[in-house]
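**Q** what's the 3D shape of this:
(chains A, B, C and D)
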There are 4 protein chains.
Amino acid sequence: MPVRSRKRWRTFAERARRVRLLLMDVDGVLTDGHIYLQSLPDGTAEEMKAFHAHDGAGLKLARMAGLRTGVITGRDSPATTRRAREVGMEFVSQKQAEKLPAYEEILRQARVGDEEVAYIGDDLPDLPVLDRVGLAIAVGNAAPEVKRVVHLVTRRSGGDGAVREAIEAILRAQGCWHKLIGKARA
Amino acid sequence: MPVRSRKRWRTFAERARRVRLLLMDVDGVLTDGHIYLQSLPDGTAEEMKAFHAHDGAGLKLARMAGLRTGVITGRDSPATTRRAREVGMEFVSQKQAEKLPAYEEILRQARVGDEEVAYIGDDLPDLPVLDRVGLAIAVGNAAPEVKRVVHLVTRRSGGDGAVREAIEAILRAQGCWHKLIGKARA
Amino acid sequence: MPVRSRKRWRTFAERARRVRLLLMDVDGVLTDGHIYLQSLPDGTAEEMKAFHAHDGAGLKLARMAGLRTGVITGRDSPATTRRAREVGMEFVSQKQAEKLPAYEEILRQARVGDEEVAYIGDDLPDLPVLDRVGLAIAVGNAAPEVKRVVHLVTRRSGGDGAVREAIEAILRAQGCWHKLIGKARA
Amino acid sequence: MPVRSRKRWRTFAERARRVRLLLMDVDGVLTDGHIYLQSLPDGTAEEMKAFHAHDGAGLKLARMAGLRTGVITGRDSPATTRRAREVGMEFVSQKQAEKLPAYEEILRQARVGDEEVAYIGDDLPDLPVLDRVGLAIAVGNAAPEVKRVVHLVTRRSGGDGAVREAIEAILRAQGCWHKLIGKARA
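**A** The predicted model follows:
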């Protein structure tokens, strides 16, 4: 398995310490993958998404620690727009049939290189980005094809704290988790 | 058990290789069976359904592989209409108290025979169609009466990736799963 | 335990064979107990409920078998009104702070006696009715105080097929389950 | 572990007997932590929350027993406003980026001291309040940093009856649970 070995020769901690930008998919990562569609009286339907409060708190901690954050998703939804704003995300790229062009555009805007980016994904459309980033992460319930190519698989599933867990792992590697907890408690 | 033996003398792979059209129930198959009803200020209520992103990705892969897809359901909901369109379904038959006439109408339109159709069901109203199709599939949480008559029971439950799992099984039998994964990664 | 023994000296089957009317609570029985409140732009909130398709199919079978059905609930919601109509319920009694008066009113209208009624409950407000009916049933996730006084505890939880399971148990005792399955398949 | 030992030298029962006011977080405590955002046709999104009927029944029992109740939350939502009213809460403090000032304001209004207050939390923003109250409670799925500093961790998770369980534990310590059950049954 050449892919795996190429990916794994640096340790997780070495990779995590370089991360300045944390990007992620939405459906299946910030949510548990359910696409809720609410029928309306006029015969149309609008989407609902189920985010998690623990992920939200984690994303705010990430920001306090100086990590920049964002999403790249194939769908387009006001729910995602609102959630991204609530948790202080800088990059929100929706309606992307292909994720790689959106990824490259964000890197240009953020002026960072592949090695400084972590990406959290769960399914096949995430593969091209996961193959590029310095730190590739899969949620606990990701497709097997995704789990096979990443540096970390979270214990928690998407929408149930996987993003919080990934952030905690990165910030611990960067040595600033305990300081943040202390601040939260003060 | 004569039904079981009639059904099982061909292998799953032999049956799956003939499939050109994949039909399925909605509630309990593309969803986990929950019928969400949202009360509105005017005293009426509108339905919400919870689909899954992994099923959506699977249905798009099916289409890329040349499989035609569709639903037959007893309920009638704008949510289903929107989801069917999003995932590229060709046949959407709602409000069908009896499923067999709708099934036969779709076969006429698609110009395919029973042996070329797979159907995924979960409950008693699906039995007449499951008794007809070349490849009968039940989701993991189907009623026992349904599991007893099918050629495949998925490990996953309805609304939690059962449709994706069925599609992967069919496309593997048809020998085109790995090529599709390769394309997704490119 | 005098309550338990009073309740249990007749077998479940003997009690079930007398049932002509099946009543039940809504929240925690026809749903898993979640009270979803959707915020609206005008600052109010409207309730959503999560029913289950398997329960709906079971309630239609009950009706085909001649069982009359209904709900008694402390809350008031268009979602319940719509669901009750969809599954062919005859008695819908909402906004009942106390359940016993509503229960007695339904019995008068239905012209049946306590021994001909089954009731499915999950929590403390159901106790007065469960103490009266000929056949008292608790869902799998009912409060311990409720499970202690009933004739049957379903394996399934409320909102996940508990009502279907109770109906199947009653109709099997009445000897008409297999005939109904046969009809469904035809 | 000095924190733990300071917290634990009084027994749970001694602490619970003093409680006159029960405060709690909303997301992750009265709900399972999911932040549902429903997209609307005008491009905005509104929040939905999933409360639990068993918690609601528990909060009404608490009130019957003379306990005053309330919430302190970082978010702001009509869903919370409605639910708090439904279950008879006296104190509803929303949109509190910092929880301690809101906590102190409620204590002034209620004219009670720290020792007379119980608080149920699940995540880092709850820590400053949990460090103050006479009886600190964490839900079963709370963050490890929270579980470490409380006097009781409920078996049940937030949104799945954790608040009901906490209320039952307090009212049993105060010796009035059985009387309440008796009333419910009458």
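**Q** so what's A:Val139 up against?
**A** With contact set as Cβ atoms under 8 Å, 6 or more residues apart in numbering or on different chains, A:Val139 has these partners: A:Gly28, A:Val29, A:Ile120, A:Gly121, A:Asp122, A:Val153, A:Thr154, A:Arg156, A:Ser157, A:Gly158, A:Ala162. All C-beta spots, glycine's among them, are computed from the backbone N, C-alpha and C.
**Q** Just the buried residues of those residues.
**A** Applying 16 or more other Cβ atoms under 10 Å in any protein chain shown to the contacts of A:Val139, the neighbour count classes A:Gly28, A:Val29, A:Ile120, A:Gly121, A:Asp122, A:Val153, A:Thr154, A:Arg156, A:Ser157, A:Gly158, A:Ala162 as buried.
**Q** lowest confidence element among the helices and strands of chain A?
**A** Counting by mean pLDDT, DSSP states H and E, the weakest-scoring helix or strand in chain A turns out to be helix A:2-8, with a mean of 46.
**Q** buried stuff in whichever helix or strand comes after that one?
**A** Sequence-wise, the next helix or strand beyond helix A:2-8 is helix A:12-17, with elements assigned using DSSP states H and E. Using 16+ other Cβ under 10 Å as the test for burial, helix A:12-17 gives A:Arg15, A:Ala16.
**Q** Pull out the CA atoms of helix A:12-17 and give them to me as PDB.
**A** Presented in PDB, the C-alpha positions along helix A:12-17 are these (Å, rounded to 0.1, in the frame of the first residue of the first chain):
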ATOM      1  CA  PHE A  12       0.400  12.800  13.400                       C
ATOM      2  CA  ALA A  13       1.900  15.300  15.800                       C
ATOM      3  CA  GLU A  14       4.500  16.500  13.300                       C
ATOM      4  CA  ARG A  15       1.800  17.100  10.800                       C
ATOM      5  CA  ALA A  16      -0.600  18.700  13.300                       C
ATOM      6  CA  ARG A  17       1.900  21.200  14.500                       C
END
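**Q** contacting residues around that helix?
**A** Contacts with helix A:12-17, where a contact means Cβ under 8 Å, 6+ apart, come from A:Ala118, A:Gly134, A:Leu135, A:His151, A:Leu152, A:Ala169, A:Ile170, A:Ala173, A:Gln174.
**Q** residues in contact with the first one?
**A** Right, the one you point to is A:Ala118. Contact partners of A:Ala118, counting by Cβ under 8 Å, 6+ apart, are A:15-16, A:19, A:21-23, A:133-137, A:166, A:170.
**Q** Low-confidence regions, chain A specifically.
**A** Applying pLDDT under 70 to chain A picks out residues A:1-9.
**Q** Mind doing that once more with 90?
**A** Flagging of chain A using pLDDT under 90 yields the residue ranges A:1-11, A:97, A:178, A:180-186.
**Q** For it, which residues are neighbours of chain B?
**A** Proximity of chain A to chain B (Cβ under 8 Å from any Cβ of the partner chain) is limited to residues A:27-28, A:33-41, A:43-45, A:48, A:122-125, A:127-128, A:131, A:143, A:145.
**Q** now the helices for chain A?
**A** Assigned by DSSP state H, the helices in chain A fall at A:2-8, A:12-17, A:53-64, A:78-86, A:99-110, A:127-130, A:144-147, A:162-173, A:177-185.
**Q** Give the buried residues for the third one.
**A** Applying a neighbour-count criterion of 16+ other Cβ under 10 Å, one finds A:Ala53, A:His54, A:Asp55, A:Gly56, A:Ala57, A:Gly58, A:Leu59, A:Lys60, A:Leu61, A:Ala62, A:Arg63 buried in helix A:53-64.
**Q** which of the contacts of A:Val139 sit farthest apart?
**A** Of all pairs drawn from the contacts of A:Val139, the one with the longest distance (Cβ to Cβ) is A:Gly121 and A:Arg156, at 14.7 Å.
**Q** Closest to the centroid, which residue in chain A?
**A** A:Met24 (2.5 Å; Cα atoms, centre = their mean).
**Q** Any figure for the gap between it and D:Glu47?
**A** In this structure, A:Met24 and D:Glu47 are 21 Å apart, going by Cβ to Cβ, to the nearest Å.
**Q** Likewise for A:Glu47?
**A** 14 Å.
**Q** And A:Asp114, by the same measure?
**A** Using Cβ to Cβ, A:Asp114 is found at 36 Å from D:Glu47.
**Q** the more surrounded of those two?
**A** Neighbours were counted for A:Asp114 and for D:Glu47 using other Cβ atoms under 10 Å in any protein chain shown; D:Glu47 has more, 25 against 15.
**Q** All set now, cheers.
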